[in-house]
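>>> only geometry, no sequence info:
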């Protein structure tokens, strides 16, 4: 009988867009795959792959003792009903409360810490509560995946995990046959930020830098791609975005199922985030051959090699971001092309999704000595 692998995350879209290589590899091994996640437009496409999708009711905002306890019990009931052989998890709440629920259900559980999120960025009581939960949830796990070394070091220093539990990954990997090197456009400077519209992602800094740069370089364009008004305590509303558009600072592109055409049309990918795990948008941009401007914070500086594949700047600092945008504008087309090609080469050497798939297969097989 084939193994049954259950994947849980805070949106079905996350599985389809970020974890697809893992899913495809599991199916190729003959494993039965179930996704437990809040439903969205990705569900039919997951089902077409041969995956069972179970709708998961969850509140993705903040920590609430009553709602989160109910969520943990809901996960437990799903785990007991489905009886998977291994559970793979991503995103904060699924990781923490899934670990507790899997322990009660006596099922091996493998979380992936793909970023620390608002809880760690806010500091204070919320961070202490999050650390307490992580410490208790992960204490008995065999493997905890991390997407950058600094997050892993932070967790071990604060004794949230033990060193022998840590397994590093190059983000979620990237399908280099799908994200192919494309020529860098010439013409007026064009910048693109792809992210959920959250303050923690540095959207306000991006807008303020765009305001500064467009006053000096009116032909420069600043595009913004991502969902507004999402469920998050640092979310930016659609009304704010509309005001930026009306002011003529930002070209808002909404959302898309395929970011590749938008990246191909840009000369530079920008991410002024306050902290990341392994930022997907920078990885995708680099794979297509785009230089990046990003903040000098964990995650971003793992992907972007300053002065080689892109430019780094201080976080939470619109003036510093604007300075790097102006510097990029001053570069020749040949310099930008060379930086983009170096970014692509780095993706080929370090971020190929085959590395991530191999790591997951090793962990699953170790659970059963296959």
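Now that the structure is in, tell me what you want to look at. Bear in mind the structure is a predicted one, so any value in this text is a computation, not a measurement.

>>> what are the ranges of the helices in the stretch 1-150 of the chain?
Assigned by DSSP state H, counting those that start in this stretch, the helices in the stretch 1-150 of the chain fall at 12-18, 20-28, 43-48, 65-82, 92-105, 117-122, 124-138, 149-157.

>>> Now tabulate those in CSV and tack on distance to residue 311, mean pLDDT and mean neighbour count.
The C-beta positions use only the backbone N, C-alpha and C, and glycine is treated the same way. CSV is the format used below for those (distance: least, Cβ to Cβ, whole Å; pLDDT from 0 to 100; neighbours: other Cβ atoms under 10 Å):
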stretch, distance to residue 311, mean pLDDT, mean neighbour count
helix 12-18, 26, 92, 22
helix 20-28, 29, 94, 18
helix 43-48, 36, 97, 15
helix 65-82, 40, 95, 16
helix 92-105, 30, 97, 23
helix 117-122, 23, 67, 18
helix 124-138, 30, 90, 16
helix 149-157, 20, 91, 17
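
>>> closest one to residue 285 among the ones you listed?
helix 12-18 (15.0 Å; Cβ to Cβ).

>>> what helices or strands is the closest one leaning on?
Applying 3 or more Cβ pairs under 8 Å, 6 or more residues apart in numbering; DSSP states H and E, one finds that helix 12-18 makes contact with strand 32-37, helix 43-48.

>>> Turn the ones you listed into JSON lines, including distance to residue 21.
What follows is the helices and strands packed on helix 12-18, written out as JSON lines (distance: least, Cβ to Cβ, whole Å):
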{"stretch": "strand 32-37", "distance to residue 21": "13"}
{"stretch": "helix 43-48", "distance to residue 21": "14"}
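
>>> Select, out of these, the one closest to residue 323.
Going by Cβ to Cβ, the one of the helices and strands packed on helix 12-18 nearest residue 323 is strand 32-37, 40.6 Å.

>>> So in that sheet, which strands flank the closest one, and in what orientation?
strand 4-8 (parallel), strand 52-55 (parallel) (DSSP bridges).

>>> Please identify the deepest-packed of those strands.
Among the strands paired with strand 32-37, strand 4-8 has the highest mean neighbour count (mean count of other Cβ atoms under 10 Å), at a mean of 24.

>>> Tell me how far that strand lies from the chain's centre.
Offset of strand 4-8 from its chain centre (Cα atoms, centre = their mean, to the nearest Å): 20 Å.

>>> any idea of the angle it forms with helix 20-28?
Orientation of strand 4-8 against helix 20-28 (axes from the mean of the first three to the mean of the last three Cα atoms, to 10 degrees) gives an angle of 160 degrees.

>>> could we number from 838 for the rest of this?
New numbering, starting at 838: the last item is strand 841-845.

>>> thinking again about what came up before, quick one: closest of the helices and strands packed on helix 849-855 to residue 918.
Closest approach to residue 918 among these is made by strand 869-874 (10.2 Å; Cβ to Cβ).

>>> which outside residues touch that closest one?
Residues from elsewhere that reach strand 869-874 (Cβ atoms under 8 Å, 6 or more residues apart in numbering): 839-849, 851-852, 860, 863-864, 883, 887-893, 912, 915, 919, 921.
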